[in-house]
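Student: got a predicted model here, sequence first, then my questions.
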Amino acid sequence: MAEQVLAAVRTAPGTTELREFPMPDIPDDGALLKVEVAGICGTDVKMYGKPPFPDPVIMGHENVGVIARAGRTFTARKGLAEGDRVFVEHYVGCFRCAWCHQGEYRHCEATDWRTNPDARRYGYTSAEKPYHLWGGFAQYLYVPWNAVTHRVPDGVSPELAGLVTPLSNGIEWALVTAGVGYAGTVLIQGPGQQGLSQVVACKQAGAALVVVTGTTRDAARLELAKQLGADHVIDVSQEDPLTRVRELTGGRGVDVVLDCTAGAGTAPVLLGIDALKRREGTMVVQGELAAFPDFPLKKLTEKAISLKSARGHSYRSCELALEQLASGRFPLERLATHTFGLAETDRAIRTVAGELDAGGGAGAVHVSLLPWAGTA
């Protein structure tokens, strides 16, 4: 095993440097993961351009790899062995508080960087903290006893397992938060990796109608949405989406709206409120808007709409995502469109941001870093 670990480190807003860190000595209840795939999502784009906390940080919170070294207490507690391939969630809870005892470790103060400056969360924690390797944009990742791990099923490749985070989010937001089920009708706004994952979740749950909206620029993604099971797609640049939704539902509107258009402004939210059925529809939003002047609260309450926030995933949703990947029922490998090595970390993030369409980023859905690409 190498004595030095190569990592891509965010050293300032929009700036990455390759740095080496000493291989840490792990405690008896810890482990080291040899990172095979680290996914990149829209959150990484935001954190890269406008970091909410001081650098240096090794980003990367969608991490899959092989247990390279593990202490005896770690293997006994986790039921894992060296050589096992695992997906590591980005939350690192305390497992003592009320939230953790409820299985809601994603709400634990110990992993909430917004309220706790000493929080631990992969891709968010300073590389100056003990063990240093707190992000997947590195060859190795430190895994403490309180990290949340999932064994990757046999037959699921590292690249495919790298889709667990967006797919588990899709399952959590569509099925758990919004309650999509058999014969339901759903409008999914935005055909990115989250929206496409929700298509799969809704179809698996038995939804009778799944409609996906996007723009002309999203033509390839909208086509992929159809391949994954969407019943209809709407190019909002070419036709009025509300009129089309009402046509498709016989004027009734949909049961659920899933808004995956982070950063697109207020228009998708307003459309969603209008597109929902007459009474008691549900809308799930990601809460990217800092403010919403003239929010139509009266219309929301008159229609008895439940407005819910999308927030991460649960243990169960990750397990279901791995089962879905192993089943082969949907062509989910088509979501994995681009891969880069550590030296191309800046380019990879900008590809997700849509800044490099002319340079190979066109049609990007899920982008991954392969930390060992190009090494001996």
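Tutor: That came through fine. Numbering: from 1, shown residues only.

Student: can you pull out the strands in the stretch 101-250 of the chain?
Tutor: Assigned by DSSP state E, counting those that start in this stretch, the strands in the stretch 101-250 of the chain fall at 140-143, 147-151, 185-189, 209-214, 232-235.

Student: tell me which strands the third one pairs with, and in which orientation.
Tutor: What it means is strand 185-189. strand 209-214 (parallel), strand 256-259 (parallel) (DSSP bridges).

Student: returning to that earlier point: so which of the strands of the stretch 101-250 of the chain gets nearest Ala321?
Tutor: With CB to CB as the criterion, Ala321 lies closest to strand 147-151 of the strands of the stretch 101-250 of the chain, at 8.8 Å. Where you see a C-beta, it was placed from the backbone N, CA and C, and this is true even at glycine.

Student: average pLDDT for the closest one?
Tutor: Averaged across strand 147-151, pLDDT comes to 98.

Student: next one: stretch 238-245
Tutor: Rounded mean pLDDT across stretch 238-245 is 97.

Student: would you mark the buried spots in the lowest-mean-pLDDT helix or strand in the chain?
Tutor: Lowest on mean pLDDT, DSSP states H and E among the helices and strands of the chain sits helix 42-49, with a mean of 92. For helix 42-49, burial by neighbour count (16 or more other CB atoms under 10 Å) applies to Gly42, Thr43, Asp44, Val45, Met47, Tyr48.

Student: what's the following helix or strand after it?
Tutor: Once the chain leaves helix 42-49, the next helix or strand it forms, by DSSP states H and E, is strand 62-70.

Student: what is the least confident helix or strand of the chain packed up against?
Tutor: Helices and strands touching helix 42-49, by 3 or more CB pairs under 8 Å, 6 or more residues apart in numbering; DSSP states H and E, are helix 345-352.

Student: need the residues that contact the helix it packs on.
Tutor: Contact with helix 345-352 is made by 8, 14-16, 40-42, 44-45, 48, 59, 137, 338, 340, 356, 359-361, 364, 367-369, as judged by CB atoms under 8 Å, 6 or more residues apart in numbering.

Student: kindly export the helix or strand following that helix (C-alpha atoms) in PDB.
Tutor: Remark: after helix 345-352, the chain's next helix or strand is strand 366-369, criterion DSSP H and E. Extracted in PDB, the C-alpha atoms of strand 366-369 (Å, rounded to 0.1, in the frame of the first residue of the first chain):
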ATOM      1  CA  HIS A 366     -23.900  11.500 -14.000                       C
ATOM      2  CA  VAL A 367     -20.200  12.400 -13.900                       C
ATOM      3  CA  SER A 368     -17.700  10.400 -11.900                       C
ATOM      4  CA  LEU A 369     -14.100  10.700 -10.800                       C
END
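
Student: list the strands paired with strand 366-369, with their directions.
Tutor: Strands flanking strand 366-369 in the sheet, each with its direction: strand 31-40 (antiparallel), strand 336-340 (parallel) (DSSP bridges).

Student: stretch 337-344: which residues count as buried?
Tutor: Buried residues in stretch 337-344 (16+ other CB under 10 Å): Thr337, His338, Thr339, Phe340, Gly341, Leu342, Glu344.

Student: how about stretch 249-257?
Tutor: Using 16+ other CB under 10 Å as the test for burial, stretch 249-257 gives Thr249, Gly253, Val254, Asp255, Val256, Val257.

Student: any idea how far Pro153 is from the residue nearest in space to the middle of the chain?
Tutor: For the chain, the residue nearest the mean C-alpha position is Pro166 (3.7 Å; CA atoms, centre = their mean). Between Pro166 and Pro153 the distance, using CB to CB, to the nearest Å, works out to 18 Å.

Student: hey, what's Lys34 bridged with?
Tutor: Val66, Tyr140.

Student: again with the one 4 residues further on
Tutor: Ala38 has the following beta-bridge partners by DSSP bridges: Asn63, Leu369.

Student: list the contacts of it.
Tutor: By CB under 8 Å, 6+ apart, the residues touching Ala38 are Gly60, Glu62, Asn63, Val64, Gly135, Gly136, Phe137, Gly162, Ser368, Leu369, Pro371.

Student: CSV for the strands of the stretch 101-250 of the chain, including mean neighbour count and distance to Tyr124?
Tutor: Below are those laid out as CSV (neighbours: other CB atoms under 10 Å; distance: least, CB to CB, whole Å):
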stretch, mean neighbour count, distance to Tyr124
strand 140-143, 26, 13
strand 147-151, 19, 14
strand 185-189, 27, 27
strand 209-214, 26, 29
strand 232-235, 20, 34
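
Student: what's the closest of these to Trp99?
Tutor: strand 147-151 (13.1 Å).

Student: how distant is that closest one from the center of its chain?
Tutor: Remark: strand 147-151 is offset 16 Å from the chain centroid, using CA atoms, centre = their mean, to the nearest Å.

Student: can you list contacts of that strand?
Tutor: Counting by CB under 8 Å, 6+ apart, 78, 80, 84-89, 91-93, 105, 143, 164, 315, 318-319, 322 sit against strand 147-151.

Student: returning to that earlier point: buried ones among the contacts of helix 345-352?
Tutor: Among those, those scoring as buried are 8, 16, 40-42, 44-45, 48, 59, 137, 338, 340, 356, 361, 364, 367-369 (criterion: 16+ other CB under 10 Å).

Student: got the domain boundaries for the protein?
Tutor: Taking automatic domain parsing as the reference, the chain has its domains at 4-151+331-369, 166-309.

Student: can you give me the end-to-end span of the last one?
Tutor: Across domain 166-309, the terminal residues are separated by 16 Å (CA to CA, to the nearest Å).

Student: brilliant, that's me finished.
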